[in-house]
Every structure is written in structure tokens, then in C-alpha cells.
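[1] Kindly return the folded structure for what I paste below:
(one chain, ligands or ions: 1)
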Amino acid sequence: MKILKTMLGLGAAFAVTLSSAAAFAEGYPERTITMVVPFAAGGPTDTVARLVAESMSKDLGQQIIVENVGGAGGTLGAGRVAAAPADGYTVLLHHIGMATSATLYRKLAYDTLNAFDYVGLVTDVPMTIVARKDLEPADLKGLVDYMKANKDTVTVANAGIVTASHLCGMLLMSAIDTPLVTVPYKGTGPAMTDLLGGQVDIMCDQTTNTTKQIQGGTIKAYAVTSPARLDVLPDVPTAAEGGLADFQVGIWHGIYAPKGTPSEAIERLSKSLQVALKDQNVAARFAELGTAPSPEADATPAALKAKLESEIARWKPVIEAAGQFAD
Ligand code: MLT
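    Reported below is the predicted structural model:
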């Protein structure tokens with residue numbers, strides 16, 4: 001009798017679990033979702049997040065609000081999401097820095113590979129080597145000579161240690177074998193303000209932050225880091241054309257949720273991301289900014305998980321060989 005009661009109890013508990021999962025699946029989302037961007041407002045990650053969030057909001061029937069939690073190279077915002085309730089109402093949109101920070105930071109408030117569930121990949125953004133509009137050199141070759149000749153005074157802006165702009169700046173310095181003065185910000189949104197104002201000289205930044213400024217002539221573009229020229233910036237040569245062979249950088253972005261988020265919520269978010277990436281408006285805006293939506297097959301938890309794992313493995317030896325770590 002006791003065993004029977006126990007079995008009945010377990011059965012009832014199982015039924016309750018099943019029916020609450022079904023109720024969750026039907027009702028979700030019932031309120032506003034917060035999408036944390038781990039960089040300042042107005043920058044490239046923010047731009048991507050706001051475009052995707054707007055389209056996903058329409059599909060989900062609930063608003064996704066973007067919250068900027070900048071600082072410590074994106075690790076503060078990622079930490080905020082790792083510690084948030086795993087209820088499907090907080091997500092993180094982060095880029096390649098999610099992978100590089102796993103090795104570059106000696107101590108993180110979260111375990112990168114075990115603190116998150118995965119929604120999917122969003123986009124892979126090319127970068128540009130840009131400068132204040134009155135910097136003298138006319139082309140990339142001239143810029144390289146200028147940087148070598150003025151290495152103690154040329155300033156290179158970035159969004160902080162382990163950010164995409166920091167990584168690109170380091171690759172540039174390594175390609176020309178010359179260390180330069182780096183100036184960190186909380187995102188390349190504020191860094192762009194200083195580049196426009198002439199307070200810093202150079203930045204290597206994503207097209208999602210630089211395309212409009214290059215087209216408007218408010219900053220000077222020396223190169224794109226993609227294998228071929230971009231339709232939106234046809235006059236800007238590739239870094240390889242400008243003399244830096246193999247200088248190619250792409251900044252992939254993904255959406256994460258705190259570990260333990262109900263699978264129904266992850267599935268719903270992932271489907272919604274796929275809808276957003278097929279949205280004509282999102283595709284058109286991405287194209288205007290020199291990028292493109294990830295293919296549908298990549299806007300999935302499995303694809304993002306595989307990408308993060310492979311990128312951590314790819315950058316680990318590079319970072320360890322460089323021997324530069326952050327606290
Ligand atoms: C940003 O949104 O500010 C950038 O993605 C920062 C960066 O360079 O990584």
C-alpha cells in the first residue's frame with residue numbers, strides 16, 4: 001500500500017510537471033523580456049540587438065527591452081545574465097568576446113561553458129580600420145608607415161580588454177610589429193564620439209558602427225577586414241589589398257540565456273530569432289550596415305554551442321602565447 005501511494009504520488013508529481021511545462025509553453029512569454037547588451041548604448045552590439053529585439057518582439061507578442069550593462073570588456077553584462085533567474089525573461093546578446101574572455105580573464109564571475117543555455121547565432125560582422133577624418137595618411141600603406149613613425153603618440157581606441165575592437169587593434173599592431181597607445185572605452189559607441197571629435201586617432205571597429213560615418217565622410221576608412229570589398233563600402237579596399245595579407249576579422253554574435261532556462265522558452269526564443277533573421281526589414285538594415293543575418297540553420301542552440309566551444313578552443317592558444325591576461 002505504501003509503495004502504491006508512493007507510486008501514485010510520483011505519478012501525480014510527474015503529471016503536474018508535464019502540465020506546468022505545457023502551460024509554460026502555451027503562455028510564454030507573458031511579460032516583457034530583457035535583452036542585456038554588455039556594451040554601451042549606440043555602439044555596434046547595441047545596434048544589432050535593437051534591430052533583432054524589435055523584430056523578435058513582434059513575433060513573440062511581448063516587448064524585448066534592451067538593457068546596456070557595459071564595462072570589463074563585456075564580462076559585467078554576461079555576469080549579470082549568468083546570475084539572472086533562468087525563467088526565459090532575461091537573455092544576453094554578446095559577440096566573439098564571449099569566447100575570448102573565457103581565456104583572457106584570469107577570473108570571471110561565471111563559468112562561460114556552463115553558465116548559459118544557447119538560443120542561436122545572429123550575424124557575423126566585418127570590421128574596418130578607421131581614423132579621425134583629418135589623419136594625414138591617404139591609404140593603408142601610408143597609415144602603416146605613419147603608425148610606425150609615431151608609435152608613442154598614435155592612439156588606438158577600443159571598447160576595453162577582450163572586446164572585438166581590442167582584438168582587432170592587437171592584431172593590427174602584431175601585423176605591423178609595432179605597439180601603439182591604446183585607449184579603452186565602455187563600448188565603441190562612446191569611442192566613436194571621441195574619434196569624431198578628434199580626441200583619438202584610430203579604431204578598428206565593426207561596420208555596424210562605422211558604415212554610416214564612413215559614407216558621411218565624418219571619419220576616414222583605410223580598410224575592411226573581410227575577404228572581399230563590401231557592397232556598401234565599394235571604395236574601401238580590403239586589408240589584403242592595402243598590403244596586410246591575411247588580415248581578416250569577423251565578429252560573430254549570439255543570444256544566450258541563463259543555464260536552466262526551460263527548454264520551451266529556449267525553443268520559442270530560437271524560433272523567434274529565426275523569424276527575425278528572415279524579416280526583410282532586419283536583412284535590409286543589416287545590409288545597409290555591411291553585414292548579413294546568420295543562416296536559419298545557425299540560429300539554433302546547437303550551432304551557437306558548437307561555435308562558442310570551437311572559438312574558445314581557437315583563441316585559447318593564441319591568447320596564452322601572447323601571455324596577456326586581464327584581472
Ligand atoms: C560595442 O558594442 O561597443 C562593441 O561591440 C565593442 C567591441 O569592440 O567589442
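
[2] What strand or helix carries residue 135?
    For residue 135, there is no enclosing helix or strand under DSSP states H and E.

[3] and residue 264, how many neighbours?
    By the criterion of other C-beta atoms under 10 Å, residue 264 has 17 neighbours. Where you see a C-beta, it was placed from the backbone N, CA and C, and this is true even at glycine.

[4] Any idea what the most centrally placed residue in the chain is bridged to?
    In the chain, the residue lying closest to the centroid (C-alpha atoms, centre = their mean) is residue 95, at 2.1 Å. Taking DSSP bridges as the rule, residue 95 bridges to residue 253.

[5] Residue 258 contacts residue 86, doesn't it?
    Yes. Assessed by C-beta atoms under 8 Å, residue 258 is found in contact with residue 86 at 4.2 Å.

[6] which stretches of the stretch 101-250 of the chain have low pLDDT?
    Within the stretch 101-250 of the chain, no range satisfies pLDDT under 70.

[7] Can you show me the strands along it?
    116-132, 155-158, 181-184, 202-206, 219-224, 250-258 (DSSP state E, counting those that start in this stretch).

[8] what sits in contact with each of residue 258 and residue 86?
    residue 117 (C-beta atoms under 8 Å, 6 or more residues apart in numbering).

[9] And the two? Which one has more around it.
    Remark: of residue 258 and residue 86, residue 258 carries more neighbours, 22 against 17, as counted by other C-beta under 10 Å.

[10] And the more buried one, how close does it get to residue 61?
    22 Å (C-beta to C-beta, to the nearest Å).

[11] One more: residue 261?
    From residue 261 to residue 61 the distance is 19 Å (C-beta to C-beta).

[12] pLDDT score assigned to the nearest residue to residue 106 once chain neighbours are set aside?
    Nearest residue to residue 106 in three dimensions, chain neighbours excluded: residue 325, at 5.1 Å (C-beta to C-beta, 6 or more residues apart in numbering). Residue 325 carries a pLDDT value of 72.

[13] residues contacting residue 325?
    104-106, 319.

[14] Repeat that for residue 97.
    38, 73-74, 162-164, 167.

[15] What of residue 35?
    Residue 35 is in contact with 49, 53, 64-67, 91-93, 255, counting by C-beta under 8 Å, 6+ apart.

[16] Next, the residue lying closest to residue 132 once chain neighbours are set aside: phi, psi?
    Nearest residue to residue 132 in three dimensions, chain neighbours excluded: residue 198, at 4.7 Å (C-beta to C-beta, 6+ apart). Torsion angles at residue 198 (phi, psi; degrees, to the nearest 10) stand at phi 80, psi 10.

[17] ok, so what distance separates residue 86 from the ligand?
    Taking C-beta to the nearest ligand atom, to the nearest Å as the measure, residue 86 and the ligand are separated by 25 Å.

[18] isn't that residue right up against residue 257?
    Yes. Using C-beta under 8 Å, residue 86 makes contact with residue 257 at a distance of 7.0 Å.

[19] picking up where we left off before, give me whichever of the strands of the stretch 101-250 of the chain is most buried.
    strand 202-206 (a mean of 29; mean count of other C-beta atoms under 10 Å).
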